[in-house]
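**Q** sharing a model prediction with you, sequence too.
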Amino acid sequence: VQLAESGGGLVQAGGSLRLSCAASGSISNIFAVGWFRQAPGKAREQISCISSKDNSAYYSDSVKGRFTISRDLANNTVYLQMNSLKSEDTAVYYCAPCGVNVDAYHSWGPGTQVTVSS
């Protein structure tokens, strides 16, 4: 199953964006799908995951309370609703199976750029 990200853009601080992660096949085949991001000069980090089994979600401390992950099984898409955006949210956002070793995983999509202006 290939994953492809979209929905990024330029937004002012305090604004919102919704990212989409479209799967080429059934996302039910992936135990949990996650969102990752990589800011300039920083390592890629996992910020949110959603289980395909029970819809349970995980958020990193940096996005908890501001971002919401959701999934649409009918359309094989996972979303990331991002509210109250901050300049430090500026990064390239990627989706991938949760828990992957970011240095060893080789199936990254192109990502989608999110730029938050202050």
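**A** Thanks, I have the structure now. Not measured: the values here are computed from a predicted model.

**Q** could you report the pLDDT at residue 34?
**A** On pLDDT, residue 34 comes in at 93.

**Q** what sits against it?
**A** With contact taken as C-beta atoms under 8 Å, 6 or more residues apart in numbering, residue 34 is in contact with 46-50, 58, 95-100. Every C-beta, even on glycine, is put in place using the N, C-alpha and C of the backbone.

**Q** next one: residue 30
**A** Counting by C-beta under 8 Å, 6+ apart, residue 30 touches 1, 23, 52, 97.

**Q** picking that back up, can you pick the most crowded of the contacts of residue 34?
**A** residue 95 (30 neighbours; other C-beta atoms under 10 Å).

**Q** who does residue 20 form a beta bridge with?
**A** Bridge pairing for residue 20 (DSSP bridges) gives the partners residue 6, residue 79.

**Q** for residue 36, which three-state class applies?
**A** Classification of residue 36 using DSSP: H, G, I helix; E, B strand; the rest coil returns strand.

**Q** neighbours of the spatially closest residue to it that is not a sequence neighbour, how many?
**A** Leaving out its chain neighbours, the residue that sits closest to residue 36 by C-beta to C-beta, 6 or more residues apart in numbering is residue 94, at 4.7 Å. A count of nearby residues for residue 94, using other C-beta under 10 Å, gives 24.

**Q** figure out the helix or strand that residue 94 lives in.
**A** Secondary structure from DSSP states H and E places residue 94 in strand 91-97.

**Q** what residues does that strand touch?
**A** Residues outside strand 91-97 that contact it (C-beta under 8 Å, 6+ apart): 3, 5, 8, 19, 21, 30-40, 42, 44, 78, 80, 105, 107-109, 111-114.
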